[in-house]
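Novice: Got a predicted model here, sequence first, then my questions.
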Amino acid sequence: DAKTTQPPSMDCAEGRAANLPCNHSTISGNEYVYWYRQIHSQGPQYIIHGLKNNETNEMASLIITEDRKSSTLILPHATLRDTAVYYCIVRVADYGQNFVFGPGTRLSVLP
Amino acid sequence: KAGVTQTPRYLIKTRGQQVTLSCSPISGHRSVSWYQQTPGQGLQFLFEYFSETQRNKGNFPGRFSGRQFSNSRSEMNVSTLELGDSALYLCASSFNSNQPQHFGDGTRLSIL
């Protein structure tokens, strides 16, 4: 079973920041938080991951709370092409540890 | 850099047949994982290969098998196909286990 809880759906206005929350209250000290997204008919696309520090790349920012029990993925200026299902996954970065995908959050960016 | 390539993109089979799907990982990636995605069950892990050895396996029947070649390319095989095997089969590769996996666009298998 997935170790994360995400809202099933969210809307965001085009050009505004999209803030996608994820709860992972049972995360252990050696588990990373990963974010992927899946646009219809494509494979999941890696977005970002982190352990305890906030992370930023060209796609998004990842904010992890100090107790690591929750995180937020931020898309700073959402576009229509960001409409997708977003998955939050916690995983030990070690051999034999597969990614467990939950149902994710369906983000709709509205014009 | 080329991404993960899966062939074929679409496949139609009938019950009882067997099928082989192919995955070419990103150059330099040695870990290859396979997933099944269906509307009802979502994305489910099948198995992972690293350096030609199966390192991890999900909860699927023995009809689902795979292998990895010395060039890291991987194949998965499903024998005695059932209607419930209709799904999008996704392959993902990574350099090693502490790096993110990168997915191909999948093979959509339809069983008639």
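Specialist: Alright, I've got the coordinates.
Novice: ok, now which ones touch B:K13?
Specialist: B:V19, B:L81, B:L109, B:S110, B:I111, B:L112 (CB atoms under 8 Å, 6 or more residues apart in numbering or on different chains). To be clear about C-beta, it is placed using only N, CA and C from the backbone, and glycine gets the same treatment.
Novice: Show me where chain A has its strands.
Specialist: Secondary structure of chain A, counting by DSSP state E: strands at A:9-13, A:18-23, A:31-38, A:45-50, A:55-56, A:61-64, A:70-75, A:84-92, A:105-110.
Novice: Would you reformat these as TSV and include mean neighbour count and distance to chain B?
Specialist: TSV is the format used below for the strands of chain A (neighbours: other CB atoms under 10 Å in any protein chain shown; distance: least, CB to the nearest CB, whole Å):
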stretch	mean neighbour count	distance to chain B
strand A:9-13	14	15
strand A:18-23	20	16
strand A:31-38	22	6
strand A:45-50	18	5
strand A:55-56	15	12
strand A:61-64	19	12
strand A:70-75	20	14
strand A:84-92	22	8
strand A:105-110	17	12
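Novice: The most centrally placed residue in chain B bridge partners, please.
Specialist: Centroid-nearest residue in chain B, with CA atoms, centre = their mean: B:W34, separated by 3.4 Å. Bridge pairing for B:W34 (DSSP bridges) gives the partners B:F47, B:C91.
Novice: In TSV, list the strands of chain A along with mean pLDDT and distance to B:N71.
Specialist: Output for the strands of chain A, formatted as TSV (pLDDT from 0 to 100; distance: least, CB to CB, whole Å):
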stretch	mean pLDDT	distance to B:N71
strand A:9-13	97	42
strand A:18-23	98	37
strand A:31-38	95	26
strand A:45-50	96	23
strand A:55-56	96	33
strand A:61-64	98	34
strand A:70-75	98	35
strand A:84-92	93	27
strand A:105-110	97	37
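Novice: Turn those strands into CSV, including distance to B:S74.
Specialist: Converted to CSV, those look like this (distance: least, CB to CB, whole Å):
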stretch, distance to B:S74
strand A:9-13, 34
strand A:18-23, 30
strand A:31-38, 20
strand A:45-50, 19
strand A:55-56, 30
strand A:61-64, 30
strand A:70-75, 30
strand A:84-92, 20
strand A:105-110, 30
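Novice: among the contacts of B:K13, which one has the lowest pLDDT?
Specialist: Lowest in pLDDT among the contacts of B:K13 is B:L112, which has 94.
Novice: and the spatially closest residue to it that is not a sequence neighbour, what is it in contact with?
Specialist: Excluding the flanking residues, the one nearest B:L112 by CB to CB, 6 or more residues apart in numbering or on different chains is B:T14, at 5.1 Å. The contact partners of B:T14, taken as CB under 8 Å, 6+ apart, are B:L81, B:I111, B:L112.
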